[in-house]
Structure formats: structure tokens, C-alpha cells
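> what's the 3D shape of this:
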Amino acid sequence: MSGSHLKAEDLVDKQTGTSLFSGLVSLRTLKLRRNSLATLHALPGIFTSLGSLVELDLTDCHIRQVASGTFANLTTLLQLSLQDNELTSVPRDAFQGLHKLQVLQLQYNSIAFIEQELFMGTNELKELYLQNNHISTVASYTLMPSSLIRLNIANNPLTCDCQLAWFRQWLNEVEGKIGFASENQTRCSRSSLKVLVNQIIWSFHPNEYCGINAMIIVSACFAPILVLTIGILVYLNRWWINYKLYLLKLAIVGYHEITEDQTPDDYEFQLNLMFHEGDEWWVNDCMKPFLEQRMPHLEHIIFGDADLHPGLFYLNAIYDVIENSHKTILLLSNPSVDDAWYMTKLRMAVEHMNDTKLEKVILVFLEDIDDDHLPYLVRLLLSRNKPYLLWTEDEEGQEVFWAKVQKSMRSNRQMNNVIPV
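You can find the predicted model right below:
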């Protein structure tokens, strides 16, 4: 069946979906080389019925992947040929169950890494061919079959460094027991330790390069200087450090927040929402649904200028809702910080917060605003650690955002500093 232009799907009966090899229980040799079996991995168990198979040849079949169950039940298989394909990796259980396998040919692929348990169970493997791949390293303490008598790993970009040290030591342990083909072509790549580049792997002696780390020696020399420097810095900044330790203690042990005696229901308005006309979409699409679903107890809410007292002058009406609201939330966006009237509302809210000594104002950033574009008063508020929230398009981030809104609405904390306006 070699060179028959077969495709992977041709190996399955299109009507029954069963393998074309079903029933060939006595077949001992199957050669499928030079076919187009790129999707063979999509047919796990295609060879399962071949319980007497001794040799399977899949050379030059454009195979890119091997599924875990591709070679299941081939317990009598002695030789498996997968060379000249397009494999980039091989799953660690690809060859499990091949207890009698003696020859494994994986040369001329693009395999970059050898899994630690790849050869587990192949206890009778004698010949392993891995030359001309892209192997740079072998997983630490990979289980190499003790039955091996021939190994070819030439023409691979092996990185001769301390990560490969165990493999180099293994080569020493099996010297004389295993024949290495093309020893002169088994060389260290450019990514190796500098002195080993393009040298044969046998010139790599881990004891010379992977003993006591030079960095450890250098670090030990500089340790006293480092300790002295840290001691001086700690002494010079001892008051700042004490203050930070005090804050850390408060965070761990906890502290009692001083809040006003009034509750949200004691105010005429439970919430005053101020926003620029360009941000009204966010109020309608995001804020109002949130309030209806999660805070339905808030019945007295001011939504922007539309809900101001009609019998008062504009500025008086703004001050009235600020003074008589439990919380005032101001939405900030690039258009809003350019609006002089909106910044006047912000200043009035901050003045009221200073007068009452209560943190009654929450800033909500609907988008990122450049520092150069941020009004001085807003930057001053942020520098005093006043409450602010940042809206995000991330769903999990929005959940955190709404949780913070709910927490901020519970009470008004007393301020311990004044914001100059």
C-alpha cells in the first residue's frame, strides 16, 4: 500500500465507520509509506484490530500529530517507522502498550522536545533514531529504556547547558553499552554555553560548568555590603517605615471606622447622580439597571439636571441636591472634564464635603483620562485617597465595580483631612 496516494479518511469504511484493517488479525507487516495521512491523529484506534502486527511503516506520510490511542493494542509490534514526517511533538503516552517494540524511527521530523515519560513501557526498545529533528533539550531524568543498544541523536540543536547536564551524565553512564551513530554530528547548538558552541556533546563536562554557581559566589561577596546598605536605609527612613508598619497593622488587626450617625433614609435623597449629557447612555444602560436589580430600596434618586428642583436657580438647585443627598456620584469622562459647568458642580460637591467633614462624594471614571488632561481638583482628590471607582469592559471587573458601589453607599465616613478648593 506504499505510494498509493491514500488519505487518512480512506482507511475507514465510509458506510460503517470501521477501520479497513478490521478482521486482519493475522497481518504481520503493514507498509503505508509515501501516502498522505496528515489527519491520522483524528482516527484513534485505526490499527487496534492488528493484534499480530510486527512492523508498521508510516514513513513520509505527512503526519503532523500522533494521538494517544493511535497505536493502541499493537502489543506484538517490533518496529515502528515514523521518519520523514512533520511531527513537532509526540505525546508522552503515544507508545504506551508497545511492550515488545525494538526499533523506533523518528528521524527527519521537527520534534523539539522529548517528554519525560515518552519511552515508559518500551522495555525492550533496542534502537532509537532521533537524528535530524529540532530537539534542543530532553526533559530532566527522562526514562530511557535500559535495553537500548543503539541511539542516534545527531544533527539536533542541542543546548548544552546545566538543564541538559543530567543527559550528558547519562551518556557517561551508558558508554560502552550503547552505540552512538554519527557521534561527530552530535553537537552543541549556538544557544549553548559560549565555550561549547559547535562542539561535540561529549566535550560538555557538567562538573566544569554546573558546579557551584558563580552568581552565588559573587552574591556571597557582596552580601555584607548589601546588608550594611539596607541597614543605613532603614535607619534613615525609620519614621516612614514605622508609619507603614502601623498601616499594615491596621490592615491586619482591623480598625473602627468613624461614620456619621445618619442613615441613607434620613436624607431627602439617597443618591445624587451627576453626569455630563454625553454620558447619559451609561446611566441608562448600566447604572439604572444595577440600581433596579441590586439596590431597589433606593427610592429617592436624582438623575442629573432633569431631576433638579424646578423652582430654584440652577446653582441653588445643584447645591440643594448635594446638601440633601446621602451620596453624590460624579461620572468623569474626557468630555465632562472639559465642561466648565460640570467642573463647577464638582467644586460645589467638594466644598460641601469639606463643610460636613464626611466622604459623601464618589468619583467614577468611565474611561482613562490622561494626567495632563485631568483637572487639578480631581488630581488633588485622588492624592488625598478619596473614594473613586474605575469602570471596565471586563465582566469580572464589572462585578467588582458594582460590589464597591454597594459598599460605598452604606455610610459616610468622617474625613481626617481637608481638601483646599
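> low-confidence bits of the protein, can you list those?
Per-residue confidence for the chain (pLDDT under 70) gives these ranges: 1-3, 211-221, 239, 243, 246-247, 250, 253-258, 383-387, 416-421.
> from T142, how far off is H5?
37 Å (Cβ to Cβ, to the nearest Å). Bear in mind the C-beta positions are built from the backbone N, C-alpha and C, glycine included.
> one more: T259?
Counting by Cβ to Cβ, the separation of T259 from T142 is 63 Å.
> these two: which is more packed in?
Taking other Cβ atoms under 10 Å, T259 and T142 do not tie; T142 has more neighbours (17 against 14).
> list the contacts of L382.
Neighbouring residues of L382 by Cβ atoms under 8 Å, 6 or more residues apart in numbering: 363, 388.
> quick one: distance of the helix or strand containing it to the chain centre.
If you go by DSSP states H and E, L382 is part of helix 376-383. A distance of 35 Å separates the centroid of the chain from that of helix 376-383, by Cα atoms, centre = their mean, to the nearest Å.
> so L196 touches T159, yeah?
No. Taking contacts as Cβ atoms under 8 Å, L196 lies outside contact range of T159: 9.4 Å.
> need the overlap of contacts for the two.
Shared contacts of L196 and T159, defined by Cβ under 8 Å, 6+ apart, comprise C188.
> quick check: neighbours of the top strand by length along the chain in the sheet, parallel or antiparallel?
Determined from DSSP state E, the single longest strand within the chain is strand 325-332. As defined by DSSP bridges, the strand partners of strand 325-332 come to strand 269-274 (parallel), strand 361-365 (parallel).
> could you dump the ones you listed to a markdown table with distance to R64 and mean neighbour count?
Formatted as a markdown table, those follow (distance: least, Cβ to Cβ, whole Å; neighbours: other Cβ atoms under 10 Å):
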| stretch | distance to R64 | mean neighbour count |
| --- | --- | --- |
| strand 269-274 | 58 | 24 |
| strand 361-365 | 49 | 21 |
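> L87 is nearest to which of those strands?
Proximity to L87 (Cβ to Cβ) singles out strand 361-365 among the strands paired with strand 325-332, at 51.3 Å.
> could I have the CA atoms of that closest one written out in PDB?
What follows is strand 361-365, C-alpha atoms only, in PDB (Å, rounded to 0.1, in the frame of the first residue of the first chain):
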ATOM      1  CA  VAL A 361     -18.700  62.200  47.100                       C
ATOM      2  CA  ILE A 362     -17.600  59.300  44.900                       C
ATOM      3  CA  LEU A 363     -15.800  59.800  41.600                       C
ATOM      4  CA  VAL A 364     -16.500  57.300  38.800                       C
ATOM      5  CA  PHE A 365     -14.100  57.200  35.900                       C
END
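> now do it: everything it contacts.
For strand 361-365, the external contacting residues (Cβ under 8 Å, 6+ apart) are 327-333, 349-350, 352-353, 378, 381-382, 386-391, 405, 408.
> 7 Å instead, please
Residues outside strand 361-365 that contact it (Cβ atoms under 7 Å, 6 or more residues apart in numbering): 327-332, 349-350, 353, 381, 387-391, 408.
> so how far is that strand off the chain centroid?
Strand 361-365 sits 32 Å away from the centroid of its parent chain (Cα atoms, centre = their mean).
> for stretch 27-41, same thing?
With Cα atoms, centre = their mean, you get 38 Å for stretch 27-41.
> is it true that K100 touches L80?
No. K100 lies out of contact with L80 (Cβ atoms under 7 Å); the separation is 10.9 Å.
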